[in-house]
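Visitor: 3D, please:
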Amino acid sequence: MDTSAEIDPQNIESASPEALLYERRERVFLILAGVFLSSMTLLNVIGITRFVQLGPMSLAIGVLPYPITFLCTDLVCELYGKRRANFLVTVGLGLNIFIIACLYLAQAVPPVSPDAMPPWQLLTLAEPVGMPSGDTVSGSVELFDFIYALTSGAMFASMMAYVAAQYCDVQLFHFWKKLTNGKHLWLRNNFSTLISQGVDSFMVISVTFGAVWLAGGISTQQMFVLMGSNYLFKMCCALADTGPCYYLTFKLKRYLQL
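Guide: Next up, the predicted model:
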């Protein structure tokens, strides 16, 4: 529908049904895109700053909001088509690059002198600490330097895994949709998400902790535990979101008159 059908808020009562429908569809897309992008940004911000134990699964807290991104892309695929879904994934990639660029710039700018630093900005470590990059820090370290060393590598790994997994999800979703002639939503929702989340889980752990593993700081068994826990959590979420995916697709198709 032509963008000229957008509604003037002052004349909403006189707007045509076509313009109202266009506005409704764009607002729903904006909500789905907002949830997708905020979840993706949140997982990069909190990343591997903490690990939690959920039953048999050892997980970085950054993984907790990630399954929501696959539900959003599946809904966009179903309601708006492959082109819109790929556009959303590309915008997410741009935001990842923007976040990494901002962190790099903040790291490159020289800090104030130690005398002018607030007391919470300078940490005194009781013993050397190994970082995900394989480096070791000791003595006094600036808080931002510590956070940067902890998150920048994980964010780069997350970006690489994000590109591979999200584009894979969109392609597989439409492959299964075409193969089943638009039937069996559960099939394309689950198969596309399970495969793409497997790609993401193994890729993000390999890139994030690869340097530490090569340096001997983490064992092969621990790597596989992290990969397995990561994928098991995402697999459970993928299977659990079948119901919400069906419900939201049914409701939104009626609401958007698709």
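Visitor: Okay, and I99 sits in which element?
Guide: Secondary structure from DSSP states H and E places I99 in helix 82-108.
Visitor: What is the next helix-or-strand element following that helix packed up against?
Guide: For helix 82-108, the succeeding helix or strand toward the C-terminus, using DSSP H and E, is strand 122-124. In terms of contacts (3 or more CB pairs under 8 Å, 6 or more residues apart in numbering; DSSP states H and E), strand 122-124 is packed against strand 140-142, helix 143-179. In this view, the C-beta of every residue, glycine as well, is placed from N, C-alpha and C.
Visitor: Could you dump those into CSV and include distance to W186, mean pLDDT and mean neighbour count?
Guide: CSV is the format used below for the helices and strands packed on strand 122-124 (distance: least, CB to CB, whole Å; pLDDT from 0 to 100; neighbours: other CB atoms under 10 Å):
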stretch, distance to W186, mean pLDDT, mean neighbour count
strand 140-142, 50, 78, 13
helix 143-179, 10, 75, 19
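Visitor: among the ones you listed, which is nearest P65?
Guide: Closest approach to P65 among the helices and strands packed on strand 122-124 (CB to CB): helix 143-179, 12.0 Å.
Visitor: That closest one vs helix 82-108, what angle?
Guide: Angle of helix 143-179 versus helix 82-108, following axes from the mean of the first three to the mean of the last three CA atoms, to 10 degrees, is 170 degrees.
Visitor: separation between E26 and N44?
Guide: Separation of E26 from N44 (CB to CB, to the nearest Å) stands at 27 Å.
Visitor: Who has more neighbours out of the two?
Guide: Between E26 and N44, counted using other CB atoms under 10 Å, the more crowded position is N44 (20 against 16).
Visitor: what angle do the helix or strand harbouring the more buried one and helix 82-108 make?
Guide: N44 belongs to helix 17-46 when elements are defined using DSSP H and E. Using the same axes, to 10 degrees, the direction of helix 17-46 lies 40 degrees away from that of helix 82-108.
Visitor: Tell me the gap between helix 17-46 and the middle of its chain.
Guide: Chain-centre distance of helix 17-46: 15 Å, with CA atoms, centre = their mean, to the nearest Å.
Visitor: So what touches the following helix or strand past that helix?
Guide: Per DSSP H and E, the first helix or strand lying C-terminal to helix 17-46 is strand 51-54. Defining contact as CB atoms under 8 Å, 6 or more residues apart in numbering, one finds that strand 51-54 is touched by 58-61, 233.
Visitor: same thing but 10 Å
Guide: The contact list for strand 51-54 (CB atoms under 10 Å, 6 or more residues apart in numbering) reads 58-64, 226, 229, 232-233, 236.
Visitor: Now for those residues, which sits with the most neighbours around it?
Guide: V63 (26 neighbours).
Visitor: Do I have it right that that residue meets S201?
Guide: Yes: counting by CB atoms under 10 Å, V63 does reach S201; the two are 8.4 Å apart.
Visitor: Output the below-cut-off pLDDT ranges for the stretch 101-250 of the chain.
Guide: Scanning the stretch 101-250 of the chain with the threshold set as pLDDT under 70 gives 131-135, 152-154, 189, 211-212, 215, 217.
Visitor: Share the number of residues neighbouring L194, please.
Guide: L194 has 17 neighbouring residues, counting by other CB under 10 Å.
Visitor: List the residues that contact it.
Guide: Neighbour list for L194: 70, 169, 172, 231, 234-235, 238-239 [criterion: CB under 10 Å, 6+ apart].
Visitor: Which ones among those lie within helices?
Guide: Applying DSSP state H to the contacts of L194, the entries found in helices are 70, 169, 172, 231, 234-235, 238-239.
Visitor: ok, those residues vs C77, which is closest?
Guide: Using CB to CB, the ones in helices among the contacts of L194 come closest to C77 at D169, 8.3 Å.
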